[in-house]
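>>> what follows is a predicted structure for the sequence shown.
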Amino acid sequence: MPFAYYARLTRAQQATYRRSDSIVTLALPPGMDPASDVRAIAAALAADRRSDVQKHSQALATMLARGYAVPPVAIKVLAARPSNDYGELHGLYDPREDRPPAEISLWMRTAALRRVVAFRSFLRTLVHEFNHHLDYEHFRLAETFHTEGFYKRESALANALFAAAGIEPAVKRVPRGE
């Protein structure tokens with residue numbers, strides 16, 4: 001079932017949306033071993049070492065780009081998240097069509113308290129933004145939309161990265177009484 005904004009899209013955009021929504025799985029490319037970079041990102045966040053977070057995030061993104069045979073993407077890890085009335089910005093994908101490579105900006109501190117973000121949240125944000133890159137470069141979509149398929153691909157890739165690093169996926173909490 002499409003999200004509410006689907007009705008405001010043009011026919012061409014709706015076709016792209018439906019195509020994106022139909023792609024629901026995304027496995028790690030064969031022969032890829034992201035474990036050391038995934039664990040290094042976790043350790044660097046825990047130690048509050050921005051340069052190491054950036055180095056290992058870039059290494060992971062480069063490995064993923066090679067594995068999916070797409071152009072590279074540059075990673076920038078910045079300090080505190082920007083925020084406004086709508087909330088905090090966790091990450092941003094810029095395809096930089098006028099001056100490649102594409103760029104992913106990630107923030108490693110919360111906006112309000114300036115605390116280092118949780119590792120799982122950070123890695124999921126990296127994967128989310130990388131999936132925008134894949135929408136353009138791997139799936140050849142004209143636009144990248146937040147569809148149910150997009151979120152399923154994001155979850156599949158993030159869980160594959162956690163599994164490769166021997167990290168248990170987060171347990172979904174069920175409210176009491178359900």
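That came through, no problem. Quick caveat: nothing in here was measured; it's all calculated off a predicted structure. Numbering: from 1, shown residues only.

>>> what separation do you get for Arg144 and Tyr68?
Slight slip there: residue 144 is Thr, not Arg. Here the criterion is CB to CB, to the nearest Å. By it, Thr144 lies 15 Å from Tyr68. Every C-beta, even on glycine, is put in place using the N, C-alpha and C of the backbone.

>>> kindly report the same for Tyr136.
Tyr136 is 12 Å from Tyr68, by CB to CB.

>>> what's the answer for Lys55, then?
21 Å.

>>> and if you look at Leu92?
Taking CB to CB, one finds Leu92 at 20 Å from Tyr68.

>>> what of Thr110?
Thr110 sits 31 Å away from Tyr68, going by CB to CB.

>>> cool, Thr25 as well?
13 Å.

>>> cool, Ala7 as well?
On the measure of CB to CB, Ala7 and Tyr68 end up 32 Å apart.

>>> between those two, who's got more neighbours?
Neighbour count, other CB atoms under 10 Å: between Ala7 and Tyr68, Tyr68 has more, with 18 against 8.

>>> who touches that one in this structure?
Applying CB atoms under 8 Å, 6 or more residues apart in numbering, we find Tyr68 in contact with Pro29, Leu134, Glu137, His138.

>>> now do 6 Å
Pro29, His138 (CB atoms under 6 Å, 6 or more residues apart in numbering).

>>> quick one: secondary structure of the nearest residue to His132 once chain neighbours are set aside?
Leaving aside its chain neighbours, His132 sits nearest to Tyr93 (3.9 Å; criterion: CB to CB, 6 or more residues apart in numbering). With DSSP: H, G, I helix; E, B strand; the rest coil as the basis, Tyr93 sits in strand.

>>> show me the helices in this structure, by range?
11-22, 35-46, 50-67, 119-137, 148-164 (DSSP state H).

>>> report the buried residues of the third one.
By that I understand helix 50-67. Neighbour counts using 16 or more other CB atoms under 10 Å place 50, 52-61, 63-65 of helix 50-67 among the buried residues.

>>> tell me, how many residues neighbour Phe6?
One thing to correct before we go on: residue 6 is Tyr, not Phe. Burial of Tyr6 is recorded as 15 neighbouring residues (other CB under 10 Å).

>>> wait, what's in contact with it?
Contacts of Tyr6 (CB under 6 Å, 6+ apart): Tyr17.

>>> 10 Å instead?
By CB atoms under 10 Å, 6 or more residues apart in numbering, Tyr6 lies in contact with Gln13, Gln14, Tyr17, Arg18, Asp21, Phe145, Thr147.

>>> test my guess that the third one contacts Phe145.
Yes - with contacts counted by CB atoms under 10 Å, Tyr17 reaches Phe145, the gap being 5.0 Å.
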